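S.K.: based on what follows, work out the 3D shape:
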Amino acid sequence: MSAPKLITSLQNDRVKAIRALEMRKERKETGLFVAEGTSLLVTARDNGFVPETLVFRSDADMSPIAQGLVDWSLKSGAECLEVSEAVLGKLSSKDNPQSMLGVFKQRWIDLPKAADISPGRLWIALEEVRDPGNLGTIIRTADAVGAAGIILIGASCDPYSHECVRATMGSLFAMPLARMQREAFLKWIAGWQGDIVGTHLSGTDDFRAVSYRTPTLLVMGSEGPGMSDALTAACTRLVKIPMSGKLDSLNLAVATALMLYQIRGPQLSL
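M.R.: Reported below is the predicted structural model:
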């Protein structure tokens with residue numbers, strides 16, 4: 001087990017490489033992303049993620065949890081960098097800087113055949129979600145209700161961006177993620193055995209009054225445009241969330257949360 005490497009220079013190549021992961025292009029090319037804070041790192045460890053690199057502040061009064069993360073990372077063969085406050089300040093978020101961060105490999109799953117999805121399972125498909133805060137909140141809510149996974153369709157925002165990772169509060173490490181283009185998704189769902197549910201202004205069923213057949217696939221469209229015509233046509237059931245105000249739509253993350261808890265309600269208990 002090697003010792004941490006001390007870095008105090010802002011011009012260090014490792015510092016530059018980690019900082020570059022703020023850019024989507026760099027995350028796409030390297031397949032890496034950054035997660036900040038001991039809470040997220042503990043969740044990562046508990047879900048089988050091992051950091052490529054662990055960065056922590058050398059002058060920090062480390063808690064037993066933080067020290068345990070350093071020891072675990074070293075034993076796991078991760079690169080551990082002990083850095084100055086100035087260096088960590090360059091690498092961490094400006095609004096809520098943390099004393100520790102990790103660089104991890106992104107994890108994408110290959111979807112099983114739709115016909116092989118077992119009864120009782122709930123999957124979520126999101127078409128071209130553009131707001132990372134919305135996506136992060138949906139990932140967190142999906143984890144809360146015990147969803148089986150999330151499929152990102154088309155040109156969605158990056159779930160491994162800093163804003164999205166932070167919004168998931170660690171659920172990114174627990175929720176299986178897949179991605180595919182619309183045409184491939186439409187072919188994949190041809191074998192789906194249960195309901196394919198979409199929320200739509202033309203829906204005639206109150207989302208609270210429906211008995212959803214399992215396995216259930218919840219399809220949600222992007223902010224603004226909503227679902228494409230192709231995905232709308234592929235749904236076996238279109239439902240509507242009633243509203244009495246002057247607006248005709250809800251925030252995407254809020255609407256998705258309402259749907260998830262309605263569908264999964266019978267399986268959830270305190």
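
S.K.: mind giving me the domain ranges of the chain?
M.R.: Following automatic domain parsing, one finds the domains of the chain at 5-105, 114-267.

S.K.: mind checking the pLDDT average for the longest one?
M.R.: Read that as domain 114-267. Domain 114-267 shows an average pLDDT of 94 in the prediction.

S.K.: quick one, helices of this structure?
M.R.: 13-19, 24-30, 38-46, 64-75, 85-91, 132-145, 162-168, 182-188, 229-234, 252-264 (DSSP state H).

S.K.: okay if I get the domains of the chain as a markdown table plus mean neighbour count?
M.R.: To be clear about C-beta, it is placed using only N, CA and C from the backbone, and glycine gets the same treatment. Listed next are those as a markdown table, based on neighbours: other C-beta atoms under 10 Å:
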| stretch | mean neighbour count |
| --- | --- |
| domain 5-105 | 17 |
| domain 114-267 | 18 |
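
S.K.: who does Leu238 bridge with?
M.R.: Gly198 (DSSP bridges).

S.K.: residues touching it, list them.
M.R.: 197-200, 202-205, 232 (C-beta atoms under 8 Å, 6 or more residues apart in numbering).

S.K.: about what we covered before: the helices of the chain: which one's closest to Ala209?
M.R.: helix 252-264 (9.7 Å; C-beta to C-beta).

S.K.: can you dump the C-alpha atoms of that closest one in CSV for me?
M.R.: The C-alpha coordinates for helix 252-264 follow below in CSV (Å, rounded to 0.1, in the frame of the first residue of the first chain):
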residue,chain,number,x,y,z
LEU,A,252,-40.2,17.6,-15.1
ALA,A,253,-38.6,16.3,-11.9
VAL,A,254,-41.8,17.0,-9.9
ALA,A,255,-44.1,15.4,-12.5
THR,A,256,-41.8,12.3,-12.6
ALA,A,257,-41.8,12.1,-8.8
LEU,A,258,-45.6,12.1,-8.7
MET,A,259,-45.7,9.4,-11.3
LEU,A,260,-43.1,7.2,-9.6
TYR,A,261,-44.8,7.3,-6.2
GLN,A,262,-48.2,6.6,-7.8
ILE,A,263,-46.9,3.6,-9.7
ARG,A,264,-44.7,2.2,-6.9
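
S.K.: okay then, goodbye and thanks.
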